[in-house]
Each structure stands twice: as structure tokens, then as C-alpha cells.
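[1] turn this into a structure:
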Amino acid sequence: MTLFLAEFAKTLPPNEHAVMVLDGAGWHASNSLATPDNITLVPLPPYSPESNPVERIWLFLRERFLSFGLWADREDIIDACCDAWNALIADTDRIKTLCYQPWLQKVIS
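    Model (predicted):
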């Protein structure tokens with residue numbers, strides 16, 4: 001996570017600051033986590049998937065592409081997941097619709 005944050009921080013233009021909303025994964029709150037000065041981490045309350053925009057993406061992928069599937073082997077599972085992901089990223093409007101929740105709109109406006 002420290003490496004990810006450091007690399008992400010390098011992509012931000014000078015004088016720009018990013019706020020990242022994090023779920024409760026252990027590596028998001030590690031005592032050894034180093035956060036760059038141009039990033040602020042905001043942890044979500046425990047057990048609040050409705051507050052996490054990415055949860056809507058996982059739900060969409062499961063409902064539209066991965067539910068009720070029967071795959072022959074590991075490779076078929078990986079292929080199905082890759083196909084689902086590629087379909088999602090090809091539809092940027094869908095990502096915006098899924099992630100741009102009302103509470104988020106209020107925070108950034």
C-alpha cells in the first residue's frame with residue numbers, strides 16, 4: 001500500500017491534493033503505512049459497504065457477468081473475470097453511474 005500511494009502521488013500535478021476513501025482492509029490502516037503529503041486517507045466506518053463506491057462495481061460485475069456461472073476450470077474462471085472487467089472498463093459512463101453516489105456529489109461540489 002505504501003508503494004501504491006507513493007506511485008499514485010507522483011501522478012498528481014503540482015499543487016494538487018487527493019483524498020482517498022478507504023475500506024477497512026488491514027493494509028489500509030497499517031502502522032507502518034507511509035502517506036505522501038499530497039494524499040489524505042479517509043477511512044470508512046466499519047461495516048458500511050453502502051458508503052464505498054467500489055462495492056457497487058463488484059455488485060454490478062456479479063449480477064451482470066459472474067452470477068450463476070459454471071466454469072470448467074480455473075482458467076475459465078479467470079477468463080470470465082477478465083471478460084467482465086474488460087466489459088466494465090469499456091463503458092466509462094457505467095463506472096461513473098455506479099460510483100458517483102449522492103453523498104459523494106455533496107462532498108465534491
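[2] contacts and neighbour counts: CA atoms only from here.
    Noted.
[3] in PDB, list the C-alpha atoms belonging to the longest helix seen in the chain.
    As assigned by DSSP state H, the longest helix anywhere in the chain is helix 74-89. Taking C-alpha atoms only, helix 74-89 is exported to PDB below (Å, rounded to 0.1, in the frame of the first residue of the first chain):
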ATOM      1  CA  ARG A  74      -9.500 -22.200 -13.000                       C
ATOM      2  CA  GLU A  75      -8.600 -20.800 -16.500                       C
ATOM      3  CA  ASP A  76     -12.300 -20.400 -17.400                       C
ATOM      4  CA  ILE A  77     -12.900 -18.600 -14.100                       C
ATOM      5  CA  ILE A  78     -10.100 -16.200 -14.800                       C
ATOM      6  CA  ASP A  79     -11.300 -15.700 -18.400                       C
ATOM      7  CA  ALA A  80     -14.800 -14.900 -17.200                       C
ATOM      8  CA  CYS A  81     -13.500 -12.400 -14.700                       C
ATOM      9  CA  CYS A  82     -11.300 -10.700 -17.300                       C
ATOM     10  CA  ASP A  83     -14.200 -10.500 -19.700                       C
ATOM     11  CA  ALA A  84     -16.400  -8.900 -17.100                       C
ATOM     12  CA  TRP A  85     -13.700  -6.400 -16.100                       C
ATOM     13  CA  ASN A  86     -13.000  -5.500 -19.700                       C
ATOM     14  CA  ALA A  87     -16.700  -5.000 -20.400                       C
ATOM     15  CA  LEU A  88     -16.800  -2.700 -17.400                       C
ATOM     16  CA  ILE A  89     -13.800  -0.600 -18.300                       C
END
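[4] show the pLDDT at the spatially most central residue of the chain.
    In the chain, the C-alpha nearest the mean C-alpha coordinate belongs to residue 54, at 4.4 Å (CA atoms, centre = their mean). Residue 54 carries a pLDDT score of 81 in this model.
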